[in-house]
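> Got a sequence here, can you model it:
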Amino acid sequence: MARTRKQKKRDERIRRALSIIRLWLIVIALALIVIVGVAELFSSGRAGSVRERIFGKRDITERAERVDAALDDALARLHITNVDAERTELDTLGYLLPHWEKTGRIPAGTSLYECNLVLTEAARSSGGKLVVVRETDADWRGLKSLDLRFGLGKIETHHIVLKQTERSDAPIVTRREDAAPRVAIVIDDFGYNRSKTTLGFLELDDPITVAVLPQCPHTRRIANDAHAAGKQVIAHIPMQPESYPDANPGDGALLERHTADELRSLTRAVLDEIPHVEGANNHMGSRLTTRHPHMRAVMGTLKERGLFFVDSVTTASSVAYAEAQRAGIPAGRNTLFLDSYLDESGRLDVPGRLRALEEAARRKGFAIGIGHPKPETLDALERGLPAMRARGIEIVFVSELVE
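Numbers count the residues shown, from 1 in each chain. Model prediction:
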């Protein structure tokens, strides 16, 4: 009898062990089915739709825009020009995100390897990654293109194609050995009044470029006055300074909070208000001109109108000139301000600044000086410009010094 009880216990233990084994085999089989099913979903592209039905669509626009800002900074550092960008909104694999198609020209002397390295690091540092890179075969001129695709994980957010530039096609400023140094004078802040001093600048014999502010009491009339006097008219576009709102750039100003569409609309409004406009520069803007996306919107609008841009350089961190070049519009940079320095007696040293401007022109071949409608500035120009001409300096409109 005892032997039978022992046998029963042994049989019971065997049955339990077999039950546990069967249970584990079922669990393993189910796990394999799940793994195969999930793999099939991902390989067939249906995983996104399943995730979408369970959790809803996931918006990763903010992450994609961080990558885009980093890539734009990299393109600017590489001095890529003639940049065209097209953004579309995608709904794919359960994700909502933007996608950018961008093209541009690599300046002569910059290697494809450097472009790849800088852009890849920019994407990586902002949470993105290089998905695919391809170097095209050389064309008949021996020039190649770099084809790059960036994304978040396996989801592509950017397709960028950069073409090499032939050295002879590169935009550069040249000066003939026998050419006279050239100087352009821009007078900002026209529009507030038609005072004797303001009108005095229009009576100067030399070609002066007048920058007119929008939404001022005399905006349209002073622009017409300047044009009738044979002066060049450009728009003095108000932009947000670092000290905003303590420093107010004025009505119709372009601010950092504005969207790209709002910036384009505001820029068009400025250009539409000012008659005879041939180009533009920035009024204030020490904050806004440091922002690549904002400057890109402005430059794209100027390009639509066939206008040039002069970066007033109200901050050393300005990217306005670089963005203008990338947009493929003629652009220039302020060499110095004429009436922002005081001499030892505390008076504006405009004559000293004119001498510095002349020295810069002799070194580089050209220089741009920006002043304001102040009596001291007018007096210095009345005396200084004829003397400059006598020393062999050519005074020109600023449009002749943009590239």
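
> Can you tell me how far Lys129 is from Thr314?
Using Cβ to Cβ, to the nearest Å, Lys129 is found at 37 Å from Thr314. Glycine gets a C-beta too; all of them are placed from N, C-alpha and C.

> the more surrounded of these two?
Taking neighbours as other Cβ atoms under 10 Å, Lys129 and Thr314 compare with Thr314 leading, 24 against 15.

> host element of that one?
Of the helices and strands defined by DSSP states H and E, none includes Thr314.

> shouldn't it be in contact with Arg287?
No: Thr314 is not in contact with Arg287 according to Cβ atoms under 8 Å; the separation is 9.3 Å.

> who touches both of the two?
Common neighbours of Thr314 and Arg287, using Cβ atoms under 8 Å, 6 or more residues apart in numbering, are Pro241.

> right, and the helix or strand after the lowest-mean-pLDDT helix or strand in the chain?
The weakest-scoring helix or strand in the chain, judged by mean pLDDT, DSSP states H and E, is helix 47-55 (a mean of 48). Counting by DSSP H and E, the next helix or strand C-terminal to helix 47-55 is strand 58-59.

> What pairs with that next one, parallel or antiparallel?
strand 95-106 (parallel) (DSSP bridges).

> Off-centre distance for the helix or strand just after the strand it pairs with?
Sequence order places helix 112-125 as the next helix or strand after strand 95-106, per DSSP H and E. Chain-centre distance of helix 112-125: 18 Å, with Cα atoms, centre = their mean, to the nearest Å.

> And for stretch 294-301?
Distance, centroid of stretch 294-301 to centroid of chain: 7 Å (Cα atoms, centre = their mean).

> Only alpha carbons, please: show it as CSV.
Coordinates of each C-alpha in stretch 294-301 appear next as CSV, following Å, rounded to 0.1, in the frame of the first residue of the first chain:
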residue,chain,number,x,y,z
HIS,A,294,12.9,85.5,-39.7
MET,A,295,15.6,86.9,-42.1
ARG,A,296,14.8,84.2,-44.6
ALA,A,297,11.2,85.3,-44.8
VAL,A,298,12.2,89.0,-45.3
MET,A,299,14.8,88.2,-47.9
GLY,A,300,12.4,85.9,-49.8
THR,A,301,9.9,88.8,-50.0
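
> any low-confidence regions in the protein?
Flagging of the chain using pLDDT under 70 yields the residue ranges 1-3, 37-57, 109, 166-178, 341-345.

> the domain parsing of it - what is it?
59-169, 182-401 (automatic domain parsing).

> so of those domains, which one's packed in deepest?
Ranked by mean neighbour count, the domains of the chain are led by domain 182-401 with a mean of 19 (mean count of other Cβ atoms under 10 Å).

> Over to it now: how far is its first residue from its last?
Terminal residues of domain 182-401 lie 8 Å apart, using Cα to Cα, to the nearest Å.

> So which residues of this protein form helices?
Assigned by DSSP state H, the chain shows helices spanning 2-44, 47-55, 61-77, 112-125, 196-202, 219-228, 260-273, 292-305, 320-327, 350-364, 375-390.

> among those, which is nearest Val183?
Proximity to Val183 (Cβ to Cβ) singles out helix 350-364 among the helices of the chain, at 5.0 Å.

> so what does the closest one touch, helix or strand wise?
Here helix 350-364 touches strand 182-190, strand 336-337, strand 366-371, helix 375-390, going by 3 or more Cβ pairs under 8 Å, 6 or more residues apart in numbering; DSSP states H and E.
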